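Participant: make a model of this:
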Amino acid sequence: MTDQQRADFTRAAGFPLDTMPFLDALGADGARFERAYTPMPICAPARISLFTGRFPKAHRVRQNSAITHAVFERDLVDLLRDAGYAIGLSGKNHSHLKPNKLDFASTYMHTGRTGESEASEDASLSREEASFDAWLTELARERGSLSLEPTPFPVACQLPHRIVRDAIGWIDSLPGPPDSAETRPTSSSGESNVGTSNDNGSGAQPFFLWLSLPEPHNPYQVPEPYFSLFPEDQVPDRVAGPEALARKTGPLGEKWRWERQIIEASNPGYDAHWRRYRANYCGMLRLIDDQLRRFVDHLAARGLLDNTIIVFTADHGDYAGDYGLQRKGVGLPECLIRVPLTIKGAGVAPRPANHQDHVSLVDLMPTLCEAVGLETPYGVQGRSLWPLLTGHGYPAEEFRSAYVELGYGGMHYGERDRPPLHFAYGAPRFDELNTVTQSGTVKCVRMDRWKLTYDMLGNGELFDLETDPGELVNRFDDPVLVRVRQSLVEELLRWTIRAEDDLPLANYAPNRAERNWYAT
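Facilitator: Numbers count the residues shown, from 1 in each chain. Below you'll find the model as predicted:
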């Protein structure tokens, strides 16, 4: 799993620059979903949804600071551990998982290693790595999280390189299977960016690895040769600049403009460097791609690849300069909610470009459960995608739309409001996820060419993404689209009801839909 990677910045997705050729090749041999969505474009809620198969509305974590309040019965790690898998995490956690409860954890955040790591001594910080981490911290805190020059440290210091190194070291350390190996599931699954593999005769213990890269999240930096790989004058134009924010109306529009004001106060004139921002972002993607190749090549060299399922995805996207904004924060635009999703490996039938089916990170947990022959726990809301991946029949109506949430509740704050924040107004370091940008509750449904957002006050937005990919023309009140709007409101109502939490399971025996498919 990468962090803050939008879905449309690879050549296979239609981007003009070849940012991730190896990932595109994986997708050509596997299954790539063009309409994959995060359940919430925030790190912790999205990651908890991935592991629990539950929407934020159900698991209760709707902001990063609420991780310890996650509500679920059993998650993917619980199930795989009981099935005999070794469980490893290399990279960014930012979820409810407790590293000290895993078989291996080498944890990183965006400026280096964290104190919760349980990595082996050979993965400890070198002097150069420690200097790089300090440089990253200074860039994030004092220089607006954007480097205008090549990073003055080698690729080996970069977090993706170190995270893959630690992951490879752990996989190579796994013992052979115990005598009870025949009781393990016969199917295999593996996520590089969440992963599992069964013993294939190589003597390796079945494992689940969460390979979780903290980039291309800010701070936006990259060394040569990646810094110069995508020159600023070759970076494609953005969908719209800051002038577009005047077209965002109502309470939601006010928060868009509030976020831009906060960024400008922290880093005056930042938008003048939007092309460098995008160039760094593209370079970071290629660096990630090279490390993904390195990891997959190692699995192949060890004889593990043929019995491993690799899932590549991200928790959410990034504005990447669109609307004159950075990172994430306000609203539910496609650049934030659509994520890459590529699945390849044992049992997966090639389908390199699925443009039809709407799927979610919530669906990955039940999908992997079916892949390894485990029963999905009660309370899981995601749907198994395994028949879609293996070439079997499925009801297309089940995947006709996607559902996304945002907000921690209460009323919206306005453009001129200045409530207390967890950082100082005007300080060089800001957090785009805060009391204002996340205020209120907004829900979204994506279906066919249309997108509807609706908040708790009845403010609606309706966009035709075929003619308005920048989501700048709100047609919610367009009399020509009354039937379209009604259809989407009904679809959103259906999803809102479907996302109600079924836990706890008490005396009644629920009639559970197979694979959580409501359509037949």
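Participant: going forward, measure contacts and count neighbours with C-alpha atoms only.
Facilitator: Will do.
Participant: quick one: the helices in the stretch 1-150 of the chain?
Facilitator: Listed in chain order, the helices of the stretch 1-150 of the chain (DSSP state H, counting those that start in this stretch) span residues 21-29, 43-52, 56-59, 76-82, 127-142.
Participant: figure out which of the ones you listed is closest to Y378.
Facilitator: Of all the helices of the stretch 1-150 of the chain, the one in closest proximity to Y378, counting by CA to CA, is helix 43-52 (10.6 Å).
Participant: run the chain-centre distance for the closest one.
Facilitator: Counting by CA atoms, centre = their mean, to the nearest Å, helix 43-52 is centred 9 Å from the centre of its parent chain.
Participant: which residues are contacting that helix?
Facilitator: Contacts to helix 43-52, defined as CA atoms under 8 Å, 6 or more residues apart in numbering, come from residues 3, 38-40, 54-56, 59, 61-64, 67, 70, 72, 74-77, 94-96, 315-316, 361-365, 380.
Participant: low-confidence ranges, this structure, go.
Facilitator: Counting by pLDDT under 70, the chain shows low-confidence ranges at 116-123, 176-204.
Participant: H422 and E432 touch, don't they?
Facilitator: No. With contacts defined as CA atoms under 8 Å, H422 does not count as touching E432, sitting 10.8 Å away.
Participant: give me the neighbour count for the closest residue to G250 other than its chain neighbours.
Facilitator: The shortest distance from G250 to any residue other than its chain neighbours is 7.5 Å, reached at N459 (CA to CA, 6 or more residues apart in numbering). A count of neighbours around N459, defined by other CA atoms under 10 Å, yields 14.
Participant: kindly report the same for T520.
Facilitator: Using other CA under 10 Å, T520 has 10 neighbouring residues.
Participant: any idea how far H298 is from it?
Facilitator: Between T520 and H298 the distance, using CA to CA, to the nearest Å, works out to 42 Å.
Participant: and for A7, the neighbour number?
Facilitator: 28.
Participant: show me what contacts it?
Facilitator: With the criterion set at CA under 8 Å, 6+ apart, A7 makes contact with A13, E34, G317, C335, R338, V339, P340.
Participant: how far out from the middle of the chain is stretch 278-286?
Facilitator: The chain centroid and the centroid of stretch 278-286 are separated by 17 Å under CA atoms, centre = their mean.
Participant: give me the contact list for it.
Facilitator: Residues outside stretch 278-286 that contact it (CA under 8 Å, 6+ apart) are 9, 19-20, 215-216, 220-222, 226-232, 235, 320-321.
Participant: in PyMOL, select just the buried ones from these.
Facilitator: Selection of buried members from those for PyMOL, criterion 16 or more other CA atoms under 10 Å:
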select buried, resi 9+19+20+215+216+220+221+222+226+227+230+231+232+235+320+321
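Participant: quick revisit: and the contacts of A7, which of them are buried?
Facilitator: The neighbour-count criterion (16+ other CA under 10 Å) marks E34, G317, C335, R338, V339, P340 among those as buried.
Participant: just these now: which is nearest E243?
Facilitator: For E243, the nearest member of the buried ones among the contacts of A7 is C335. The distance, counting by CA to CA, is 17.6 Å.
Participant: so which helix or strand takes in the closest one?
Facilitator: In this structure, C335 is located in helix 334-337 according to DSSP states H and E.
Participant: which outside residues touch that helix?
Facilitator: Looking at helix 334-337 with CA under 8 Å, 6+ apart, the contacting residues turn out to be 6-8, 37-41, 316-319, 328, 404.
Participant: make a ChimeraX selection of the buried ones in those.
Facilitator: Command for ChimeraX, covering only those of the contacts of helix 334-337 found buried under the criterion 16+ other CA under 10 Å:
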select :6,7,8,37,38,39,40,41,316,317,318,319,328,404
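Participant: show me which of the contacts of helix 334-337 is closest to T114.
Facilitator: Ranked by distance to T114 (CA to CA), these are led by H316 at 22.1 Å.
Participant: and the closest one, what does it touch?
Facilitator: Taking CA under 8 Å, 6+ apart as the test, what H316 contacts is 3-6, 37-38, 40-43, 46, 336-339.
Participant: quick one: end-to-end length of stretch 306-321, please.
Facilitator: Taking CA to CA, stretch 306-321 runs 40 Å from one end to the other.
Participant: just the helices in the stretch 351-500 of the chain please.
Facilitator: Across the stretch 351-500 of the chain, reading from the start of the chain, the helices by DSSP H, counting those that start in this stretch fall at 364-371, 386-389, 482-498.
Participant: just those helices: most buried one?
Facilitator: Ranked by mean neighbour count, these are led by helix 364-371 with a mean of 24 (mean count of other CA atoms under 10 Å).
Participant: how about stretch 456-463: buried residues?
Facilitator: G460, E461, L462, F463.
Participant: just those: which are in strands?
Facilitator: Those of these mapping onto strands are G460, E461, L462, F463, per DSSP state E.
Participant: tell me the one among the residues you listed nearest to V164.
Facilitator: F463 (40.3 Å).
Participant: hmm, who's touching the helix or strand following the helix holding C335?
Facilitator: Once helix 334-337 ends, the next helix or strand along the chain (criterion: DSSP H and E) is strand 341-345. Outside of strand 341-345, the residues that reach it under the criterion CA under 8 Å, 6+ apart are 23, 26-27, 29-34, 36, 189, 305-314, 350.
Participant: same thing but 6 Å
Facilitator: The set of residues external to strand 341-345 that reach it, using CA atoms under 6 Å, 6 or more residues apart in numbering, is G27, G30, A31, R32, F33, T308, I309, I310, V311, F312, T313.
Participant: how far off centre is that strand?
Facilitator: For strand 341-345, the distance from its own C-alpha centre to the chain's C-alpha centre is 14 Å (CA atoms, centre = their mean).
Participant: kindly report the same for stretch 312-320.
Facilitator: So, by CA atoms, centre = their mean, the centroid of stretch 312-320 is 5 Å from its chain's centroid.
Participant: start to end distance for it?
Facilitator: 20 Å.
Participant: what about the residue sitting nearest the centre point of the chain, distance to H94?
Facilitator: Note on the chain: the residue nearest the mean C-alpha position is D315, at 1.2 Å, using CA atoms, centre = their mean. From D315 across to H94, the span is 11 Å (CA to CA).
Participant: what's the closest non-adjacent residue to L452?
Facilitator: Leaving aside its sequence neighbours, L452 sits nearest to L462 (CA to CA, 6+ apart; 4.6 Å).
Participant: was I right to think that neighbour contacts N474?
Facilitator: Yes. The pair L462 and N474 qualifies as a contact (CA atoms under 6 Å) at a distance of 5.4 Å.
Participant: residues near R416, how many?
Facilitator: Other residues near R416 come to 11 when the count uses other CA under 10 Å.
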